[in-house]
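> When you get a sec, could you give me coordinates for this:
(chains A and B)
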2 protein chains.
Amino acid sequence: MDLDVFYMNEAIKLAKRAGSEDEVPIGALIVAGDKIIAKGYNQTEKLKDVTAHAEILALTSAAYELGSKYLKDCTIYITVEPCPMCAAALAWAQIGKIVYGTEDQKKGYSHFSPSLLHPKTEVVKDIKKDECATLMTDFFKSKREK
Amino acid sequence: MDLDVFYMNEAIKLAKRAGSEDEVPIGALIVAGDKIIAKGYNQTEKLKDVTAHAEILALTSAAYELGSKYLKDCTIYITVEPCPMCAAALAWAQIGKIVYGTEDQKKGYSHFSPSLLHPKTEVVKDIKKDECATLMTDFFKSKREK
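Predicted coordinates for the structure are as follows:
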């Protein structure tokens, strides 16, 4: 199996965990070498904290794990395109590579400014796109029906 | 004394505390009504965490204090214009008002996209501008001389 698909499947598990806790279903994990060093899923409701996005939780955890605030040799897998807050945080961390599943047409960083990312960060998108997108649309559909 | 100046003086004290700990000297505090409910100063080096900006620490603390992730009736005082990460975090929190001291010509959110802020957030700038700016220039000058 393609490694990007393998890690995105793990991120999807985290997104589903968020959804099962009534959080917007977004998951993220960070890989260094061939090892997952940090995981996060959206917990903004539980923690009552707008900064508790999957990416921020994973990023903070990875920095702690590595003992470094820079993540130049790391890749983050995210089920959804990061928002400007998370994109800018990943820029500060100088993350090596971002792989995401589906775009976010309203809040995705690319709709504000692509330069929010660090110029050296590689971006790969559309990995398991449909599954990541369906998680989101199903979640918001169920919210509207409540 | 003008209230904005009063609170900015408090934020400057926090910025100086950051500087004394060899952190980029930026301070922030959040006011609800006539009460300071949260304070923060830059701790990215100490915590080895790129997200540990003064604003993010204050914002998380304020949300905890209020038991709400939204800060619609709050004002944040920051010695320096927020970066895109902090601006977008403050947008998620729907902060009522942002008062900052000096602009950040390289990393200020306004150089990326003014729409990073929530459309309802009021912005006031240039409060104690020179003192806030001097803290920054002196810090980086001393760094270069080391």
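> use CA for all of it now, contacts and neighbours both
Noted.
> Up against chain B, what does chain A have?
When proximity is defined as CA under 8 Å from any CA of the partner chain, chain A approaches chain B at A:44-45, A:48-51, A:56, A:60, A:63-64, A:67-70, A:84-89, A:92-93, A:112-113, A:115-116.
> and those, which of them are in helices?
A:Ile56, A:Thr60, A:Ala63, A:Tyr64, A:Pro84, A:Met85, A:Cys86, A:Ala87, A:Ala88, A:Ala89, A:Trp92 (DSSP state H).
> which one of the residues you listed has the most neighbours?
A:Met85 (30 neighbours; other CA atoms under 10 Å in any protein chain shown).
> excluding its backbone neighbours, what's nearest whichever residue of chain A sits closest to chain B?
Closest residue of chain A to chain B, CA to the nearest CA: A:Met85 (4.1 Å). Leaving aside its sequence neighbours, A:Met85 sits nearest to B:Met85 (CA to CA, 6 or more residues apart in numbering or on different chains; 4.1 Å).
> quick one, what contacts the one you found?
Contacts of B:Met85 were listed using CA atoms under 8 Å, 6 or more residues apart in numbering or on different chains, and they are A:Pro84, A:Met85, A:Cys86, A:Ala87, A:Ala88, A:Ala89.
> partner residues bridging A:Ala28?
A:Gly40, A:Ile78 (DSSP bridges).
> Which residue lies closest in space to A:Ala89, excluding its sequence neighbours?
A:Ala89's closest residue in space is B:Met85 (CA to CA, 6+ apart), at 5.8 Å.
> Distance of the one you found relative to A:Met8?
Distance from B:Met85 to A:Met8, counting by CA to CA, to the nearest Å: 24 Å.
> now the nearest residue to A:Ser61 once chain neighbours are set aside, what's its secondary structure?
Residue nearest to A:Ser61 in three dimensions, not counting chain neighbours: A:Ala38, with 5.7 Å by CA to CA, 6+ apart. Under DSSP: H, G, I helix; E, B strand; the rest coil, A:Ala38 falls in the strand class.
> Can you give me every residue that contacts A:Ala38?
So A:Ala38 contacts A:Leu29, A:Ile30, A:Val31, A:Ala58, A:Leu59, A:Ser61, A:Ala62, A:Glu65 (CA under 8 Å, 6+ apart).
> just A:Ile78 next, same as before
A:Met8, A:Ala11, A:Ile26, A:Gly27, A:Ala28, A:Leu29, A:Ala54, A:Glu55, A:Ile98, A:Val99, A:Tyr100, A:Gly101.
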